[in-house]
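# I would like to see how this sequence folds:
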Amino acid sequence: MKAKKTYAVFGLGRYGTAVAKELVDSGREVIAVDTDQRIVNDAAAYLPVCKCADVTDAEVIARLGISQIDTVIVCMASNLEASVMAVTLCKEAGVKTIIAKCANEMHRKILLRVGADQVVFPEHESGIRLAKNLLSSGFIDMISLSKDVSMVEIDVKDEWLGKNLIELNLRKKYGFNIVAVKKGGKVSINVNPEQALDVETTLIVIANTAKLGKLK
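Numbers count the residues shown, from 1 in each chain. A predicted model of the protein is given here:
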């Protein structure tokens with residue numbers, strides 16, 4: 001059994017590069033691939049395994065050892081044909097999980113049809129997330145985990161200051177599950193329910209989205 005999952009990122013535009021770099025910074029093994037040698041040369045400064053190759057070629061997929069990779073992220077949304085070919089070849093190679101970036105809803109449907117396990121539409125998703133954050137006044141950030149459940153960062157309300165989580169009993173009042181606290185830019189999952197809350201504390205909670213309106 002492998003200790004860590006392995007990843008491959010196809011396409012080193014801004015999105016692909018950000019994904020690859022974050023995975024590498026988190027200690028994961030990543031093969032980064034792009035067809036532009038200049039981009040590959042630049043990325044090699046912070047991505048240990050960076051290749052210039054055409055991932056729409058079955059021989060290249062075999063040579064790179066993609067069949068041994070756990071997750072492939074295809075970040076070539078501007079080129080649907082290349083994305084489709086890459087997804088198809090990875091599927092045929094037996095890759096367990098294939099995630100593809102798409103440019104629009106039609107492309108999303110096509111990529112799912114040819115074998116992508118998950119398709120992301122970053123521009124669309126970030127727009128929805130921004131709108132939800134704007135509508136959910138009082139929240140620092142909100143991420144939808146499902147249709148009904150969200151993870152939310154909440155500033156400590158004035159009436160909570162100086163009180164601890166046991167006294168406030170937020171779970172009973174709002175239905176929150178407090179999973180972490182953030183203070184001074186540091187996140188801790190070891191939540192001390194007896195620690196008094198102050199203005200520098202942010203709560204990270206998981207809650208039913210429909211009930212979040214209680215905080216407005």
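
# distance of residue 66 from residue 4?
Separation of residue 66 from residue 4 (Cβ to Cβ, to the nearest Å): 17 Å. Bear in mind the C-beta positions are built from the backbone N, C-alpha and C, glycine included.

# neighbours of residue 40, how many?
18 (other Cβ atoms under 10 Å).

# please apply the same query to residue 157.
With other Cβ under 10 Å as criterion, residue 157 counts 12.

# what is the mean pLDDT for stretch 36-46?
Per-residue pLDDT over stretch 36-46 has a mean of 95.

# I meant to write stretch 170-186 there.
Here the average pLDDT along stretch 170-186 is 83.

# give me the buried positions along that stretch.
Of all the residues in stretch 170-186, those buried under the rule 16 or more other Cβ atoms under 10 Å are 170, 174, 176, 178, 180-181.

# still on that earlier bit, neighbour-wise, which of residue 66 and residue 4 wins?
Neighbour count, other Cβ under 10 Å: between residue 66 and residue 4, residue 66 has more, with 22 against 10.

# what residues does the nearest residue to residue 67 once chain neighbours are set aside make contact with?
Spatial nearest neighbour of residue 67, excluding adjacent residues (Cβ to Cβ, 6 or more residues apart in numbering): residue 93 at 4.1 Å. By Cβ atoms under 8 Å, 6 or more residues apart in numbering, the contact list for residue 93 reads 61-62, 66-67.

# and of those, the nearest to residue 114?
Nearest to residue 114 among those, counting by Cβ to Cβ, is residue 61 at 14.6 Å.

# just to revisit the earlier point, in strands only, show me the buried residues of stretch 170-186.
178, 180-181 (DSSP state E).
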